[in-house]
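1. Starting from these lines, generate the structure:
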Amino acid sequence: MSLTPGDFSRPVVLEDGAKYDEYGIRLPPNVLEEFGLLDEAWYVKFALIEGNYEDETYCLSLHPLEKPMYCVSGRIVPSTRDLP
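-> Below is the predicted model:
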């Protein structure tokens, strides 16, 4: 699964000067089933950083969404799926 431009929320600069982009994503039912997840909405913090070998390194924070988030495609809120 990949992030889309619509999942983008905002750029963030931390106190140490590190720059990240924040995204919010709602996982589709098939992904929730495949990985046994209950949380539908997720927070992603992502950055591309040049590495020691001229490669790019992906830095990622990934956890269930804790509060409402505004993204390019609209507002998403924390939610868990209902199971029978």
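2. Could you grab the helix/strand/coil label for G6?
-> Secondary structure for G6, judged by DSSP: H, G, I helix; E, B strand; the rest coil, is helix.
3. Paired strands for the helix or strand bottoming out on mean pLDDT in the chain, with orientation please.
-> Sorting the helices and strands of the chain by mean pLDDT, DSSP states H and E puts strand 56-64 at the bottom, at a mean of 82. Sheet partners assigned to strand 56-64 using DSSP bridges are listed as strand 41-50 (antiparallel).
4. hang on, the earlier thing: what comes up buried for the least confident helix or strand of the chain?
-> Using 16 or more other Cβ atoms under 10 Å as the burial criterion, none of the residues of strand 56-64 qualify. To be clear about C-beta, it is placed using only N, CA and C from the backbone, and glycine gets the same treatment.
5. Equivalent analysis for stretch 9-23, please.
-> Applying 16+ other Cβ under 10 Å to stretch 9-23 flags 9, 20-23 as buried.
6. Lowest-confidence entry in these?
-> Least confident entry in the buried residues of stretch 9-23, by pLDDT: Y20, with 90.
7. What helices and strands are in contact with the host helix or strand of that residue?
-> If you go by DSSP states H and E, Y20 is part of strand 19-26. Counting contacts by 3 or more Cβ pairs under 8 Å, 6 or more residues apart in numbering; DSSP states H and E, strand 19-26 is packed against strand 8-13, strand 41-50, strand 69-71, strand 74-76.
8. hmm, who's touching the longest one?
-> This means strand 41-50. By Cβ atoms under 8 Å, 6 or more residues apart in numbering, the residues outside strand 41-50 that reach it are 3, 7, 12, 18-27, 56-66, 69, 76-79.
9. ok, what's across the strand from V12?
-> V12 forms beta bridges with Y20, as assigned by DSSP bridges.
10. show me the contacts for it.
-> Neighbour list for V12: 19-22, 45 [criterion: Cβ under 8 Å, 6+ apart].
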